[in-house]
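Engineer: Just need the structure, nothing else, for what follows:
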Amino acid sequence: MKNTGLIVALAIIVSWSAHLLYILLYQAVDLLDFWFWFHVLLQTWLFTGLFITAHDAMHRTVSQNKKLNDALGFICTFLFAAMYYPQLMAKHHLHHQHPGSESDPDYKTGNQNFFVWWFSFLKQYITVWQIIIMALLFNVLLLWFDEWQLISFWVIPAIAATFQLFYFGTFAPHHLPHTPDMLPHNSRTQPRNHLYALLSCYFFGYHSEHHASPQTPWWKLYQIKDKRISK
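Structural biologist: Residues are numbered from 1 along each chain as shown. So this is what the prediction gives:
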C-alpha cells in the first residue's frame, strides 16, 4: 500500500496520545496494582515507537511527501522529549556514514560501560532549550494532573524508552569487540525471533539488517531478516 508508512506513523502517534491521556485520567498510581505496571511498560513501548517513527522519517520512509515526512518526524521528536528533529537527523546520518567509529556521534570510544555510554549518548542530543520546554510543559500539566501521575506515566516511560532505544539500537549492536562478521557496518544483529524483535524495539534489534537497508521502514525489517536467513 502506497501510504502504509504514513498510516503506521499516525497510528503510533494516536496510540501514544490516547493511551497517555487515558492513564492520566483513569489509572491510579499504585505500586501494588498489576495494571499500573502494565500501563507504564506499554507507555514506554509507545514512547519508543515515537522515536522509531522519527527515525524512519530521517530515512524518508514515512511519507513520499518530504514536507509531510519531516513534519511527522518533527512532531514525534517533540512529543518524545522536545528534541530537535533537524539536529537528530544530521547526527543520525553521520552514524550511518561512520558506524561504530570515532566519527560516529552515537559511539563511545574508551570506557564502554553501559551507563557511561548511555549518559554520553544523551549528552549528544540534550539541549538547554529542551530542558526548559520540558520543565514548562510539566508545570503546565500540573494544572490538570497530579505530580506523581506525570512522573509515573510521562517522565519515567520517556526515560525508560531512552534505555530501550540505546540498548537495542546502539549498545548491543555496536559495542566492542568488533569482529569480522560485523563488517561492513560494525554491527551485530538479534537472532531471528519476530515477536521478541517487535516487542523489544520495533525490529530494531535486527540492526545489521537496518544498516544494510536503511531505506526499509521498521515494520518491514523482519522481511530483510527473513531474506538474509533464506540465502
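
Engineer: Tell me who's in contact with residue 197.
Structural biologist: Residue 197 sits next to 190, 203, 204, 205, 206, 221, 222, 225 when contact means C-beta atoms under 8 Å, 6 or more residues apart in numbering. Placement of C-beta: from N, CA and C, glycine included.

Engineer: again with residue 229
Structural biologist: Per C-beta under 8 Å, 6+ apart, neighbours of residue 229: residue 192.

Engineer: Output the contacts of residue 197 as JSON lines; include the columns secondary structure, neighbour count and distance to residue 212.
Structural biologist: JSON lines is the format used below for those (DSSP: H, G, I helix; E, B strand; the rest coil; neighbours: other C-beta atoms under 10 Å; distance: C-beta to C-beta, whole Å):
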{"residue": "190", "secondary structure": "coil", "neighbour count": "21", "distance to residue 212": "14"}
{"residue": "203", "secondary structure": "coil", "neighbour count": "27", "distance to residue 212": "14"}
{"residue": "204", "secondary structure": "coil", "neighbour count": "25", "distance to residue 212": "14"}
{"residue": "205", "secondary structure": "coil", "neighbour count": "24", "distance to residue 212": "14"}
{"residue": "206", "secondary structure": "coil", "neighbour count": "30", "distance to residue 212": "10"}
{"residue": "221", "secondary structure": "helix", "neighbour count": "23", "distance to residue 212": "10"}
{"residue": "222", "secondary structure": "helix", "neighbour count": "19", "distance to residue 212": "14"}
{"residue": "225", "secondary structure": "helix", "neighbour count": "23", "distance to residue 212": "10"}
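
Engineer: quick one: the helices in this structure?
Structural biologist: Remark: helices assigned in the chain by DSSP state H are 4-26, 34-58, 66-81, 85-97, 114-123, 128-141, 147-150, 156-166, 172-174, 194-201, 207-212, 221-230.

Engineer: For residue 183, find the nearest of those.
Structural biologist: Closest of the helices of the chain to residue 183 is helix 207-212, at 9.5 Å (criterion: C-beta to C-beta).
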